[in-house]
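Participant: everything below, folded, please.
(3 chains)
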Amino acid sequence: MPELPEVETIATNLRNGTPDQPPIRGLVIDTGTVLWARSLAAPTLDEFLLRLPGQVVEEIWRRGKYLVLNLSQDYLLFHLRMSGDLLVERQESPLAAHHRLLIDFQNGYRLAFNDTRKFGRAWLVPDPETVLSRLGPEPLGAEFSATDLYQRLHAFHRQLKPLLLDQRFLAGLGNIYTDEALHKAGLHPLKISDEVNEDQAKKLWQSVREVLQEGIRHNGASIDWVYRGGDFQNHFRVYQRGGEPCPNCGTPIERIVVGQRGTHFCPHCQPRLR
DNA sequence: ACGAGCGCCTGTCGGC
DNA sequence: TGCCGACAGGCGCTCG
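Facilitator: The predicted structure follows:
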């Protein structure tokens, strides 16, 4: 799915607009439409349709991989999972394949939730914490320090890769940025979290922040049919580069499977021990 | 407290 | 050409 940098890019686009779409802050909602029932996680369809009209989009932000719209009464949250995207388009434009949920505004535009694989979800709730409360710290937040990461790593005895993918541990990393961060930090994806020393934790902390910031700078990554305009996919160092030379040392990148996820690392730069 | 397997979905790609 | 399995940015669940 879109990971933190992709969701951040989408939030920025909704807030500021793009050459193709106007900003949605301040727009008044006319109606909602649910085209695929399971895309709406909460509330019921009836309540969703009843509560939306007249609410104003006041702010747009991101928490982990969730996108949050502050409305005048409620909060509208989206999780894009593997293939979700949010677009602003004219209401008269033809319904694209895979549109799952629409928010029509009074000015003739609509917000379209497009999601090929139907894994994404939307929530309309009075308190966003009912959806967000289990998330770990924001990796780019000012209050998240290298010392925090070291202590959190030592609170568990888990393989680094599945731990970094666990949104309760840290909010926002997915398969791409985890592989990239571990490579940058020189840590094996199967290394055990409480065997990471303070220097390594500090390096991992820095690497996580750097790869996320690099992703944001490139407007995220665009893969397959989900093209969002970003080009970070041209800057992967290990992700989906099995067999290719490591950019640091030339050793062929290895691909293994960890927790059913393809995992890419350099066996020379990322030793499992020490 | 862990990790593995599976389900949820649609689409693409490579091998035969 | 068609068919078939592997795989894909995620995550919640069950089961050892």
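Participant: alpha carbons only for contacts and neighbour counts from here, please
Facilitator: Fine.
Participant: if I look at residue A:133, how far off is residue A:96?
Facilitator: Counting by C-alpha to C-alpha, to the nearest Å, the gap from residue A:133 to residue A:96 is 34 Å.
Participant: one more: residue A:17?
Facilitator: Going from residue A:17 to residue A:96 by C-alpha to C-alpha gives 20 Å.
Participant: out of these two, which sits in the more crowded spot?
Facilitator: Neighbours were counted for residue A:17 and for residue A:96 using other C-alpha atoms under 10 Å; residue A:17 has more, 16 against 9.
Participant: and the residue of the stretch 51-200 of chain A nearest DNA strand C?
Facilitator: Taking C-alpha to the nearest atom of the strand as the measure, the stretch 51-200 of chain A has residue A:174 as its residue closest to DNA strand C, at 3.1 Å.
Participant: how many residues are close by residue A:232?
Facilitator: Here the neighbour count serves as a burial measure; for residue A:232 (other C-alpha under 10 Å) it reads 20.
Participant: what's the answer for residue A:231, then?
Facilitator: Residue A:231 sits with 18 neighbouring residues when counted by other C-alpha under 10 Å.
Participant: again with residue A:39
Facilitator: Once other C-alpha under 10 Å is used to define contacts, residue A:39 is seen to have 21 neighbours.
Participant: these two touch, right, it and residue A:99?
Facilitator: No - at 10.3 Å, residue A:39 does not count as touching residue A:99 under the criterion of C-alpha atoms under 8 Å.
Participant: quick one: the strands in the stretch 101-250 of chain A?
Facilitator: In the stretch 101-250 of chain A, strands defined by DSSP state E, counting those that start in this stretch lie at A:109-115, A:121-125, listed in chain order.
Participant: quick check: which of these is nearest to DNA strand B?
Facilitator: DNA strand B lies closest, by C-alpha to the nearest atom of the strand, to one member of the strands of the stretch 101-250 of chain A: strand A:109-115, at 8.3 Å.
Participant: ok, that closest one near DNA strand B or not?
Facilitator: No - judged by C-alpha under 7 Å from any atom of the strand, strand A:109-115 and DNA strand B are separated, with a smallest distance of 8.3 Å.
Participant: neighbouring contacts of that strand?
Facilitator: Strand A:109-115 is touched from outside by A:80, A:83-91, A:97-105, with contacts defined as C-alpha atoms under 8 Å, 6 or more residues apart in numbering.
Participant: likewise stretch A:20-38?
Facilitator: Among residues not part of stretch A:20-38, those counted as contacts by C-alpha under 8 Å, 6+ apart are A:13-17, A:40, A:45, A:48-49, A:52-60, A:87-89, A:99-107, A:118, A:121.
Participant: which bits of chain A sit near DNA strand B?
Facilitator: Taking C-alpha under 7 Å from any atom of the strand as the criterion, the neighbours of DNA strand B within chain A are A:38, A:97-98, A:116-119, A:155-159, A:162-163, A:224-225, A:258-260.
Participant: now with 6 Å?
Facilitator: Counting by C-alpha under 6 Å from any atom of the strand, the residues of chain A lying close to DNA strand B are A:116-119, A:156-159, A:162, A:258-259.
Participant: quick one, which of the contacts of stretch A:20-38 are buried?
Facilitator: Buried members of these, counted by 16 or more other C-alpha atoms under 10 Å: A:13-15, A:17, A:40, A:48, A:52-60, A:87-89, A:99-105, A:118, A:121.
Participant: could you list which of those belong to strands?
Facilitator: Of the buried ones among the contacts of stretch A:20-38, the ones assigned to strands by DSSP state E are A:40, A:57-60, A:87-89, A:99-105, A:121.
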